[in-house]
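>>> give me coordinates for this.
(chains A and B)
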Amino acid sequence: MSKGRSAEAQKSEVLQGTLDLMVLKVLDALGPQHGYGIARRIEQVSEHVLQLNEGTVYTSLLRLQQRKWIASEWGASENNRKAKYYSITKSGRKQLARETENWERIAGVIGRLLRLEGQE
Amino acid sequence: MAHYLRALVARLRGLFGDRRADREFDDEIETHLRLLTERYVRQGITEDEAIRAARRQFGNVTLLKEVNREMRGIRFIETLFQDLRYGVWMLAKNRVFTFVAILTLAFGIGANTAIFSLVEAVLLRPLPFPEPDRLVMIWEDDLGKSSFRGNPAPGNYSDLKAQNQVFGDVAAFSGTSMNLTGDGEPEKINAQAVTTNLFPLLRSKPALGRTFLEEEGRPEAGKVVLISYGLWHRRFGGDPDLIGKEILLNDQKFTVVGVAAADFQLLGKGGGLWIPATFSQSDLTDRGSHYLTVIARLKAGVTLRQALLPATSLPLPARAVPPALLWPSSVRVSRPPALSQGAARRI
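Residues are numbered from 1 along each chain as shown, chains lettered A, B, ... in the order given. Sure thing, here's the model as predicted:
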């Protein structure tokens, strides 16, 4: 138990609002995916650095769907199980571009700021 | 407020198939958990442990479902308000459109109300008399023009009354107007002259006093009058002692014998007061003056369809009269459309 906790302590929480961006990006890059697939992809890319309650992926999916940035369709999963597949929409791609730019700008600003403060 | 809103959302969600959304979401979670479990099992963990691990990785399922459901509900309300706001804004922006739309609605609602009032009065509301479905009106059908409804002449009325086999009784009335003088302002009153059997035929009981006696329909009889409930109250203050007293109509003394029932009305103008219709001998052979409105009550056991057959209802008069003045070859019998309606309230 204590071992598990120390392992988890090294993981970062998913930053508020960034999950939506990640989900959009995954759908943009990989094409239609179900929730499980998205969670796996994020896990894989984050190389186990991010601590993610996978259930929150679904909240994010619903939010994105309500904004019409993604669409969903029922299909069969790998082992022939019923699964809901999500795909990015046209307006979702636009949003992704906007958000990516935004993120890079903020990240740049924060990075610069931190570097400057460190030099003093 | 929030409580009501939540109840409303719940109800609306029931309407919009949200239970299906809930079930689909359950399925999704289920699939996800199972895939996670299978992955752990493949990694060599026992099934029980794998299930627990999957749960841990997925997070709180109940909470997730709750959040999901709430988001859907809130979203619904949000869009609703958005739509409403947008609608109001558009209306405010396009004044002309709004004006036309409101005018259209107003006319639409107005027309509907008017038509419904008419339909209700004419078709739906039953006549205020006992067994209203046994009452019919009789019209002359002039020269077989089917849409024409002619008022019968007294001679024809009298023949019909005497010779038909389908009506229990036949009564007639016609409109007239009388000047009421005496106490108070002189007043012109829309009146109706009715055959004395009219009230018994309609089975309408007076509010006060009595209706007409048969002998009061004879030309030599003393002049009597039955006044409407409205006139009784308006002009005579509802005085019960009015019965038996004389009032001046067209400068002649008429004895008030009764006050008609409060809801008593006849088709057409009139309804202020009623006097007996008197037919002289020459009137009873007059087939040219078409001024009567004729009401009949079907005999017990006779259907309206039978009454509509000219052969059973209307024998041709045997008298030799000029052809043009013959009882028409066919006669129309109809349901009284609005026997009690019309301008009767005007008094």
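>>> mind checking how far B:Met137 is from chain A?
The span separating B:Met137 from chain A equals 66 Å under the rule Cβ to the nearest Cβ, to the nearest Å. (C-beta placed from N, C-alpha, C; glycine too.)
>>> grab the longest helix from the chain for me.
Using chain A here. helix A:90-119 (DSSP state H).
>>> please go with chain B instead
helix B:61-93.
>>> hmm, that helix in reach of chain A?
Yes - part of helix B:61-93 sits close enough to chain A to count as contact by Cβ under 8 Å from any Cβ of the partner chain, namely B:Val61, B:Leu63, B:Leu64, B:Val67, B:Asn68, B:Met71, B:Arg72, B:Arg75.
>>> please name every helix or strand in contact with that helix.
Packed against helix B:61-93 by the contact rule (3 or more Cβ pairs under 8 Å, 6 or more residues apart in numbering or on different chains; DSSP states H and E) you find helix A:55-66, helix B:2-15, helix B:18-42, helix B:95-119.
>>> how about 6 Å then?
Helix B:61-93 sits against helix A:55-66, with contacts defined as 3 or more Cβ pairs under 6 Å, 6 or more residues apart in numbering or on different chains; DSSP states H and E.
>>> moving C-terminal from the helix it packs on, which element do we reach first?
Remark: after helix A:55-66, the chain's next helix or strand is strand A:70-76, criterion DSSP states H and E.
>>> that older thread, average model confidence for the longest helix of chain A?
Helix A:90-119 carries an average pLDDT of 89.
>>> again, but for stretch B:239-255
When pLDDT is averaged along stretch B:239-255, the result is 93.
>>> cool, stretch A:23-38 as well?
Mean per-residue pLDDT for stretch A:23-38: 92.
>>> before we move on, back to that, got the buried residues for the longest helix of chain B?
Within helix B:61-93, the residues that qualify as buried by neighbour count (16 or more other Cβ atoms under 10 Å in any protein chain shown) are B:Leu64, B:Lys65, B:Val67, B:Asn68, B:Arg69, B:Arg72, B:Gly73, B:Phe76.
>>> redo these as a markdown table? Include pLDDT.
As requested, these are arranged in a markdown table below (pLDDT from 0 to 100):
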| residue | pLDDT |
| --- | --- |
| B:Leu64 | 89 |
| B:Lys65 | 87 |
| B:Val67 | 85 |
| B:Asn68 | 84 |
| B:Arg69 | 81 |
| B:Arg72 | 80 |
| B:Gly73 | 76 |
| B:Phe76 | 73 |
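>>> the closest residue to B:Gly184 other than its chain neighbours: neighbour count?
Of all residues beyond its chain neighbours, the one nearest B:Gly184 is B:Arg235 (6.7 Å), with distances taken as Cβ to Cβ, 6 or more residues apart in numbering or on different chains. The local packing of B:Arg235 (other Cβ atoms under 10 Å in any protein chain shown) involves 23 other residues.
>>> I'd like the distance from the host helix or strand of B:Arg235 to the chain centre, please.
In the assignment (DSSP H and E), B:Arg235 maps to helix B:229-236. The gap between where helix B:229-236 is centred and where its chain is centred comes out at 26 Å by Cα atoms, centre = their mean, to the nearest Å.
>>> what do you get for stretch A:22-41?
Stretch A:22-41 has its average C-alpha position 8 Å from the chain's average C-alpha position, going by Cα atoms, centre = their mean.
>>> what residues does it touch?
Residues lying outside stretch A:22-41 but in contact with it, judged by Cβ atoms under 6 Å, 6 or more residues apart in numbering or on different chains, are A:42, A:54, A:57-58, A:60, A:83-88, A:92, A:96, B:32, B:35.
>>> keeping just the C-alphas, turn the helix holding B:Arg235 into CSV.
Taking Å, rounded to 0.1, in the frame of the first residue of the first chain, the C-alpha atoms of helix B:229-236 are listed here in CSV:
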residue,chain,number,x,y,z
TYR,B,229,-87.2,37.1,-17.8
GLY,B,230,-84.8,39.8,-18.8
LEU,B,231,-87.5,42.3,-19.5
TRP,B,232,-89.3,41.4,-16.3
HIS,B,233,-86.2,42.3,-14.3
ARG,B,234,-85.1,45.3,-16.4
ARG,B,235,-88.4,47.0,-16.8
PHE,B,236,-90.5,45.7,-14.0
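>>> packing partners for that helix?
Contacting helix B:229-236 under the criterion 3+ Cβ pairs under 6 Å, 6+ apart is no other helix or strand.
>>> can you tell me what sits against it?
Residues lying outside helix B:229-236 but in contact with it, judged by Cβ under 6 Å, 6+ apart, are B:Ala207, B:Gly238, B:Leu242, B:Val259, B:Ala262, B:Gly272, B:Ile347.
>>> who wins for neighbours among those residues?
The most neighbours of any of the contacts of helix B:229-236, using other Cβ under 10 Å, belong to B:Val259, which has 26 neighbours.
>>> if we can go back for a sec, closest to chain A out of the contacts of helix B:229-236?
Set against chain A, the nearest of the contacts of helix B:229-236 by Cβ to the nearest Cβ is B:Ala262 (63.5 Å).
>>> secondary structure class for the closest one?
When states are read from DSSP: H, G, I helix; E, B strand; the rest coil, the local structure at B:Ala262 comes out as coil.
>>> quick one on the thing from earlier: report the buried residues of the helix holding B:Arg235.
Within helix B:229-236, the residues that qualify as buried are B:Tyr229, B:Gly230, B:Leu231, B:Trp232, B:Arg235, B:Phe236, counting by 16+ other Cβ under 10 Å.
>>> now do that helix, average pLDDT.
The pLDDT scores in helix B:229-236 average 91.
>>> check which helices and strands whichever helix or strand comes after that helix sits against.
On the C-terminal side of helix B:229-236, the nearest following helix or strand under DSSP H and E is strand B:246-249. For strand B:246-249, the contact count by 3+ Cβ pairs under 6 Å, 6+ apart identifies strand B:167-181, strand B:252-259 as packing neighbours.
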